[in-house]
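[1] Quick one: sequence and predicted model below, then my questions.
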Amino acid sequence: MVLMRIEDVYVWDLNAKWLGITPYQLMENAGAGVARVIEERFGRGLRIAVFSGTGNNGGDGFVAARHLSFENDVTVFLVGDEAKIRSEEARHNWEILKRLDFVEIKVLKDSAYIKELDLSGYDVIVDALLGAGTKGEPREPVRSAIEKINEYAGKAKLVSVDLPSGYPSNVRVKADFAVTFQWDKEEYKDFERVIVKIGYPRELHHLVGPGDAKFTLRKRGKHKGQNGKLLVVGGSSSYYGAPYLASKAASYLVDLVYLAMPAEPAKRISDPDLILRPFLGENFSPEHINDLLGLAEKADAVVIGPGIGLAKETKEFVREFVKRCERPMVIDADGLKAVAEDLGVLEGKTFVLTPHAGEFNILFGVKPPEGLLERAELVREKALEIGGVILLKGSYDVISDGKTWKYNRTGNTGMTTGGTGDVLAGLVGALLAFGNSPLRSASVGAFLNGLAGDIVKEEFGENFTALELAKRVPKAIKWVEEF
Ligand SMILES: NC(=O)C1=CN([C@@H]2O[C@H](COP(=O)(O)OP(=O)(O)OC[C@H]3O[C@@H](n4cnc5c(N)ncnc54)[C@H](O)[C@@H]3O)[C@@H](O)[C@H]2O)[C@H](O)CC1
Ligand SMILES: [K+]
């Protein structure tokens, strides 16, 4: 059984919406699930009181009331102001109740009136006052409703929707049990839970979506200096574009990007958005190590590998750097080939490897299979072996930290153009620099990269370049923020 956190609900609901599963469907399934559990446990022909608040927990209560009304006598007590019923879905279900003759409705705005209520004769009381949106101790008039319901503990059956209202404070409904949705939650303790599914498909465990991205971006700071510094180490006598693309993409997210390159190729870069740090020579070599480690200390995360080349001294440099670097790292491109010669350098490090299928084969001596589940299992196994995160790029990107796995399906065939992998490495590095976990950084980085690709494709068709893709990163972020 996988435990989720309440904050995950936010992520799933957005990802579900992306798949076309509406909040209406989720609320309908939630309310129907509550009604089903009640009838299974206590039978039919009962007198049932449903106490609803003005949030979506209350909305689930409205739906449950309608389902229960078919074969029971139901009274709905709305606690609070009708005009404050917040969401469209809850309001819709409330309006339906108002059209029903066989459901009695009472609106309770006044605590004094609630204190006088007589609920004797009800077999079941459904508590849909407060759910996952609870902030602090219950306030009036909800508080009085909770106290009123508790007068009937042991006399009527008390069934809470999602969680006992008031939880986690001590002013909470003394529920016989709560009907909780789809997954048990880490925060739910010391009350009995019955879990009902509300229509999330298996994709919700694994598919990276706008919910993951939005949650990750929302955690950014609002002030300069709060959004991280990234160091990109790459470039060689033969390449300067790759580390530039990684840096450019990252510069839309983090506050500062240091681009460390050998001085020769660095001559070709001039971009005021980046802080260029040239190092003597045509290629990186072990003599640069101390200076680069010093630079890494100033950064929150490091991307190493784009365009770094395969000179013998460079591969030595990469391995030595990885071994000694104390920051979370993204290791990409030729950096992967250097590390492949001694995976031992990764021991104890925090890192994301970003191979495509060919580089994966060089790293682990095995070709990734075609099927998603087989691929995911292999990536998970290898991530566990090396103690880090692997992002295997492909038409579906597969990401694992050795425990769980994710996959991403944004992007398009136009992205086979050179350099899109460098953009991806930069994005993952930027998300690491914000302080996200390597699994989240890799997952959301892949999502944003593919999304930028889909946005640029809408403008240009499939013939675009990686720089054009990188320049769509702000639009991709905006799309996520507005989703
Ligand atoms: N994916 C799912 O699991 C689904 C769950 N559903 C249900 O939705 C609720 C969460 O709904 P939300 O509207 O976010 O919050 P609440 O209903 O808990 O309440 C918000 C409401 O209450 C007021 N409020 C907050 N704190 C207090 C307080 N201490 N005292 C008094 N009033 C308070 C606040 O102002 C708001 O107006 C979840 O639990 C599920 O039941 C969906 O229906 C389906 C998807
Ligand atoms: K509740």
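    All right, it came through fine. Ligands and ions are numbered 1, 2, ... in the order given.

[2] What's the local residue count around the closest residue to ligand 2 within the stretch 251-400 of the chain?
    At 35.1 Å from ligand 2, Ile399 is the closest residue in the stretch 251-400 of the chain, using C-beta to the ion. For the C-beta atoms, the positions are set from N, CA and C on the backbone; glycine is no exception. Using other C-beta atoms under 10 Å, Ile399 has 33 neighbouring residues.

[3] Ok, the one 3 residues further on next?
    The burial count assigned to Gly402 is 18, neighbours taken as other C-beta under 10 Å.

[4] Check the one 10 residues further on too.
    Per other C-beta under 10 Å, the neighbour tally for Asn412 reads 15.

[5] mind listing what it touches?
    Counting by C-beta atoms under 8 Å, 6 or more residues apart in numbering, Asn412 touches 450, 453-454, 457, 462.

[6] Show the buried residues in the residues you listed.
    For the contacts of Asn412, a burial check counting by 16 or more other C-beta atoms under 10 Å picks out 450, 453-454, 457.

[7] Now Glu468: closest residue in space, sequence neighbours ignored.
    Val456 (5.3 Å; C-beta to C-beta, 6 or more residues apart in numbering).

[8] residues in the stretch 151-300 of the chain within reach of ligand 2, list them.
    Selection of the stretch 151-300 of the chain residues close to ligand 2 by C-beta under 5 Å from the ion yields 160-161, 165.

[9] what helices or strands is the longest helix seen in the chain leaning on?
    The single longest helix within the chain, with elements called by DSSP state H, is helix 438-460. Judged by 3 or more C-beta pairs under 8 Å, 6 or more residues apart in numbering; DSSP states H and E, the packing partners of helix 438-460 are helix 210-218, strand 351-353, strand 389-392, strand 397-400, strand 405-408, helix 420-433, helix 466-470, helix 473-482.

[10] follow-up on the earlier one: and the buried ones among the contacts of Asn412 as TSV, adding distance to Tyr113 and pLDDT?
    Formatted as TSV, these follow (distance: C-beta to C-beta, whole Å; pLDDT from 0 to 100):
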residue	distance to Tyr113	pLDDT
Gly450	55	98
Gly453	59	98
Asp454	55	98
Lys457	60	97
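
[11] Export the residues you listed as a markdown table, with columns for distance to ligand 1.
    Converted to a markdown table, these look like this (distance: C-beta to the nearest ligand atom, whole Å):
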| residue | distance to ligand 1 |
| --- | --- |
| Gly450 | 25 |
| Gly453 | 30 |
| Asp454 | 26 |
| Lys457 | 32 |
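
[12] Am I right that Glu95 sits in a strand?
    No. Under DSSP: H, G, I helix; E, B strand; the rest coil, Glu95 sits outside any strand and is assigned helix.

[13] Now do it against ligand 2, distance only.
    Going from Glu95 to ligand 2 by C-beta to the ion, to the nearest Å gives 22 Å.

[14] ok, that residue - contacts?
    Listed by C-beta under 8 Å, 6+ apart, the contact set of Glu95 is empty.

[15] Likewise for Ile38?
    When contacts are counted by C-beta under 8 Å, 6+ apart, Ile38 touches 48, 64, 68, 124, 126, 157, 159.

[16] pLDDT at it, what is it?
    The per-residue pLDDT reported for Ile38 equals 98.

[17] do the one 10 residues further on as well
    We have a pLDDT of 98 for Ile48.

[18] Equivalent analysis for Arg327, please.
    Turning to Arg327, the model gives it a pLDDT of 98.

[19] And the strands in the stretch 251-400 of the chain?
    For the stretch 251-400 of the chain, applying DSSP state E, counting those that start in this stretch gives strands covering 256-262, 275-279, 301-304, 329-331, 351-353, 389-392, 397-400.

[20] Those strands: which one's closest to Asp110?
    strand 397-400 (53.2 Å; C-beta to C-beta).

[21] So what are the sheet partners of the closest one and their directions?
    Strand 397-400 has the following strand partners under DSSP bridges: strand 389-392 (antiparallel), strand 405-408 (antiparallel).

[22] Run the chain-centre distance for the first one.
    Distance of strand 389-392 from the chain centroid (C-alpha atoms, centre = their mean, to the nearest Å) equals 17 Å.

[23] Could you report the pLDDT at Asn93?
    pLDDT, Asn93: 98.

[24] If you could redo that for Glu7, that was the one I meant.
    Reported pLDDT for Glu7: 83.

[25] same check, this time on Trp183
    On the pLDDT scale, Trp183 is placed at 89.

[26] repeat for Phe483
    As predicted, Phe483 sits at a pLDDT of 95.

[27] so where's this protein uncertain?
    For the chain, applying pLDDT under 70 flags the ranges 1-2, 219, 221-225.

[28] quick one: contacts for the spatially most central residue of it?
    In the chain, the residue lying closest to the centroid (C-alpha atoms, centre = their mean) is Asp212, at 2.5 Å. Taking C-beta under 8 Å, 6+ apart, we find Asp212 in contact with 11, 15, 440, 443-444, 447.

[29] Show me what Phe351 is bridged to.
    Bridge pairing for Phe351 (DSSP bridges) gives the partners Met329.

[30] Could you identify the most distant pair in the contacts of Asp212?
    Taking C-beta to C-beta as the measure, the contacts of Asp212 reach their widest spread between Asn15 and Arg440, a distance of 13.8 Å.

[31] still on that earlier bit, most neighbours, which of the contacts of Asp212?
    Neighbour counts for these, by other C-beta under 10 Å, peak at Ser443, which reaches 32 neighbours.

[32] so what's it up against?
    Residues near Ser443 by C-beta under 8 Å, 6+ apart: 208, 212, 391, 399, 406, 408.

[33] Touching, the fifth one and Ser400? I think so.
    So the one you mean is Lys406. Yes. Between Lys406 and Ser400 there is a contact under C-beta atoms under 8 Å: 7.3 Å.

[34] Report the set of residues contacting both of the two.
    The contact sets of Lys406 and Ser400 overlap at Leu439 (C-beta under 8 Å, 6+ apart).

[35] Is the strand or helix carrying Lys148 positioned near ligand 1?
    Using DSSP states H and E, Lys148 falls within helix 142-150. Yes. Counting by C-beta under 6 Å from any ligand atom, ligand 1 has neighbours in helix 142-150: Val142.

[36] can you offset everything so residue one is 702?
    Okay, residue one is now 702; in that scheme the one you just asked about reads as helix 843-851.

[37] What residues of the helix or strand just after that helix count as buried?
    Note on helix 843-851: by DSSP H and E, the next helix or strand toward the C-terminus is strand 858-862. By 16+ other C-beta under 10 Å, the buried positions in strand 858-862 come out as 858-862.
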